[in-house]
Structure formats: C-alpha cells, structure tokens
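J.: sharing a sequence plus its predicted fold:
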Amino acid sequence: MPIWNSEIETMPQGKLKEFQLEKLKKTIRYTYDNVKFYRNKLDSMKVKPEDIKTLEDIRKLPFTTKNELRENFPYGLFARPMKDVVRIHASSGTTGKPTVVGYTKNDLELWAECIARLASAGGVTSDDIAQISFGYGLFTGGFGLHYGLEKIGAAIIPVSSGNTERQIKIMQDFGSTVLICTPSYALYMVDVVREMGVDPVKDLKLKFGLFGAEPWSESIRTGIEKGFNITATDNYGLSEIIGPGVSGECLEKNGMHINEDFFFIEVIDPETGEWVKDGEIGELVITPLGKEALPLFRYRTRDLSYIDTSKCACGRTTSRIMKIRGRTDDMLIIRGVNIFPSQIEEVLLKIEGVAPHYQIVVERKNNIDTLEVWVETNENMFSDEMKKLVELEKLIVEKLYGQLGIRVDVKLVEPKTIERSQGKAKRVIDNRKLV
Ligand code: DLL
C-alpha cells in the first residue's frame, strides 16, 4: 500500500522531533500573541514563549481542560477573527455546554491531509467507493473523513448515520468498497446484513473499514471483519484538537500512527500531571502544531493509552498510539475498586454464547454502589435449555470476578434487547448521578 506523504511519514524520528520543536515554538508564539486567555495565563506564571527551547520545555506551559473551553464558550479561545473562520463544529455536550471548535481554510487543508494519510494507511485509494456512515453535522466524524477521502480521490457516498436497512441497500446497489462509521454501528450493520439475507461475500464489495470515535476491543474488530469480510482499522481524534485525524492504524493493525508533524503528544500521570516513563500507560495530552483558528496548549484528553515508538513493519517511522483503554472519567469506582468498561468488554466477548452487546448499569442502594452487567446471549444460546443459561451466567460472574477482583451482578437478556447505536455506543448507565 502506498504511503500518502512518505516525506513526513517515513522521516527519521530525530528529524521529526526537530521539525516538531520548530513548529511548537512558532505555535506558542502565535497563540500567545493572538489568544488573550493564554497570554494572561502565561504572564501570571511568568513564562514567556522564548522559554520553550526544547520539546521537554513544553512542561513549563499550563494544561488546557475541557472546562476552560466551556468557560470561554463559544469563541473565546479562537485566535482568528470570524472572517477567517470557515467552519464550525461542536462536541455533543451531553454534560453542560458543548465545546465549540473553529477552522480556517488552512486548518481544513491540514485536516484533510491528516485524514488522507490515515485512510491510505487503512487501504483506501482513488479506486474506492467510500460509504461514510458517520453523522454529518456538528459532530466532526462525517465532514472530517469526507474531505480527506475526497483528497485521495475516492468516490464518496455521504450517507450519514441512521436508517440501517437503507445503508445496506446502498452498500449493495452502489458497490461500496469502504465503510466508515463507529465500530458499534458497524457491528449493528453486521446483524442487519444477516437479517436481510445479504451475503457479504457475494452481494457486497466491501474491502476495508475505517472505524473510530469510541473504544472498541479486538473481539469487536474480529466480529466486524468476519461479518463483512473486510480489514478494519482504528483511528482516533477529538473535536477540541481537530476531530478524526490525530492518528490512524495501517494494515499492520498494531497501533495508530500519529501525524506527528501536526500533533505533539505527551503521556502523563493523570494524578500528578508528570510525564510517565516511555511506553507506560497514562493520559494523552495533545498540543496541535500549526493550527490557526483554535491553537490549544497541552489539552487534557482524559483518554488513557500508551505510545509505541518502535518501527512499524509498514515502513512508517511515526510513533503509534496503542488502543485507547478508556477515559479517566469512564472509570467506575465500585466499592473501592477501579473498573473500566473496557475490562468488562474484554471478558464478555471471549465467552462463547455471548453476543457483542452489553450494558453496564450502576446504582446506589443503601449507600452501596452496585454494578450490574446486562449481557445479550446469541440466538442459539437463548433457545437452549434453562440449565445452560444458568451455567453461562455463573461462568460470566466468575470470569468477571477474575478480571475485576469484585463480584458483580450479571443479567442475561434476550437477543436484540440492548439498544443498538448508530453513532457512539452508550455502554454505561450510571443511575447514581440521578439520586
Ligand atoms: O469522536 C472524533 C472522531 C470522529 C474520531 C471519527 C475518529 C473518528 P469527539 O466526539 O470530540 O470526536 O470525541 C472524542 O472520543 O476523546 C475519545 O474518548 C473517543 N475516541 C475517539 N476516537 C477513538 C478511538 C471524535 N479510535 C473522544 N478509540 C475521544 C477510542 C476514541 N476512543
């Protein structure tokens, strides 16, 4: 598979670091000069842009949090007047105000370049017909992928999310070769394909899938790959930084190559804010390099992962973000034990008879937190005798105990009981907040 921008993507790490430093210095100067919020912050800390002489010096700069973006709602952190801003997106804002992000023409160009690289790495070429089933709208998924794929020269079907049977019809009639959406939506489509009696090998032309925007385990990847007979790659990003395009997997499927000329990424201990040792898991902190409308310093993503700097067999030299393990704010503390939904998914999807659909329900009863896992069984299992179901339930409880260290309640539910998602799946229902 050709590398989209081999000059950058195969640049020796040392040279890449020099390039990053040069861009970082410029970004800090630019941001200081154009965003009052940062100027005040740096002045109050007595830090000057010139104090940043090495990449390590970035630690002299303050972090930026989602709350600070909210406090400056909607355009307070923009570095450019609205006449230069040509696009606005926003995060969903399920809790409180949404965060609003803006792009200049150059930012859109930079964004399309990032997507072109990750889509090429995921197997897409100008011969492809790409069905974009991410929502088009304020969410960055649809439009983000759109312009990068257009840059590659793929034929885009901008179908957006929803109306799943129609999605499958379009896939069949238009001969889509690439599917682009959230992994949970792709998995849902796999079920609908089966129900419609469509044969993924004979009736569809799909070859590749580019999936992202939410955590997904290797078992989900296998489910999608087998269900559609495709190769599925993961890509990561977030609205505040750009949207999709921060990083994406190549066909080696071994971590997401970072567009390091555009993003400087640190991994910190979320408690202390200090850098973790190389290769250790921590919170990703991202500084975009060279963005014009919304240049942020050291944005706290709350996403947990680690970075692998070893050389990849694909020939790219860029470092890779390994699968996102969860978010610092995803972590559930149940009777003093830290639990990530991804740990539960890992256990469930390895158990025979369990469908890849589950929901975690947290309650507070008499001041004690309880966690219940609702697990969908697959069709065969459900029609089986009661004894088998009781055994399955017991097995799940034991396996979860082995992984989590505490006993949680498990409830088996009929196939298709758990709500399917056409965007990002909501795996956890935390009823404690309502009390
Ligand atoms: O989800 C941007 C995006 C769109 C990425 C399409 C990839 C594809 P937000 O809605 O702002 O932006 O949500 C960002 O989603 O902080 C992560 O917690 C999560 N996330 C995004 N990609 C991945 C991934 C888009 N590949 C938040 N794996 C991020 C795990 C992901 N989590």
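T.: Looks like it came in fine.
J.: now the residue in the stretch 51-200 of the chain that the ligand sits nearest to: which helix or strand?
T.: Nearest residue of the stretch 51-200 of the chain to the ligand (CB to the nearest ligand atom) works out as Gly141 at 3.7 Å. Yep, even glycine has a C-beta here, placed from its N, CA and C like the rest. Taking DSSP states H and E as the criterion, Gly141 maps to helix 140-152.
J.: mind checking how far that helix is from the chain centre?
T.: Here helix 140-152 is found 16 Å from its chain centre; the criterion is CA atoms, centre = their mean, to the nearest Å.
J.: what pairs with the very next helix or strand once past that helix, parallel or antiparallel?
T.: Downstream of helix 140-152, the first helix or strand assigned by DSSP H and E is strand 155-157. Applying DSSP bridges to the sheet, strand 155-157 is found paired with strand 129-132 (parallel).
J.: how about the CA coordinates for the partner strand, as CSV?
T.: C-alpha atoms of strand 129-132 as CSV (Å, rounded to 0.1, in the frame of the first residue of the first chain):
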residue,chain,number,x,y,z
ILE,A,129,-16.2,3.9,-3.2
ALA,A,130,-16.4,5.1,0.4
GLN,A,131,-19.6,5.0,2.3
ILE,A,132,-19.5,7.5,5.1
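J.: list the buried residues for that strand?
T.: For strand 129-132, burial by neighbour count (16 or more other CB atoms under 10 Å) applies to 129-132.
J.: contacting residues around the longest strand along the chain?
T.: For the chain, the strand that runs over the most residues, judged by DSSP state E, is strand 354-365. With CB atoms under 8 Å, 6 or more residues apart in numbering as the contact definition, strand 354-365 has outside contacts at 187, 219-220, 223, 332, 334, 341, 344-345, 348-349, 369-378, 381, 392, 396, 415, 418-420, 427-432, 435.
J.: return the subset of those lying in strands.
T.: Per DSSP E, those map to strands at 332, 334, 369-377, 428-430.
J.: only whichever of the contacts of strand 354-365 are buried, select them in ChimeraX.
T.: Under the burial definition 16+ other CB under 10 Å, those of the contacts of strand 354-365 that qualify are selected in ChimeraX by:
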select :187,219,220,223,332,341,344,345,348,349,369,370,371,373,374,375,376,377,381,392,396,415,418,427
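J.: ok, now which ones touch the residue in the stretch 251-400 of the chain that the ligand sits nearest to?
T.: When scored by CB to the nearest ligand atom, the stretch 251-400 of the chain has Ile324 as its residue closest to the ligand, at 3.5 Å. By CB under 8 Å, 6+ apart, the contact set of Ile324 is 215, 236, 303-305.
J.: out of these, list just those in strands.
T.: Per DSSP E, those map to strands at 236, 303-305.
J.: pipe the residues you listed into TSV and attach pLDDT and neighbour count per row.
T.: Converted to TSV, the ones in strands among the contacts of Ile324 look like this (pLDDT from 0 to 100; neighbours: other CB atoms under 10 Å):
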residue	pLDDT	neighbour count
Tyr236	98	24
Asp303	97	21
Leu304	96	21
Ser305	97	24
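J.: which two in those are spaced the farthest apart?
T.: Spatially, the most separated pair among those is Tyr236 and Leu304, at 12.1 Å (CB to CB).
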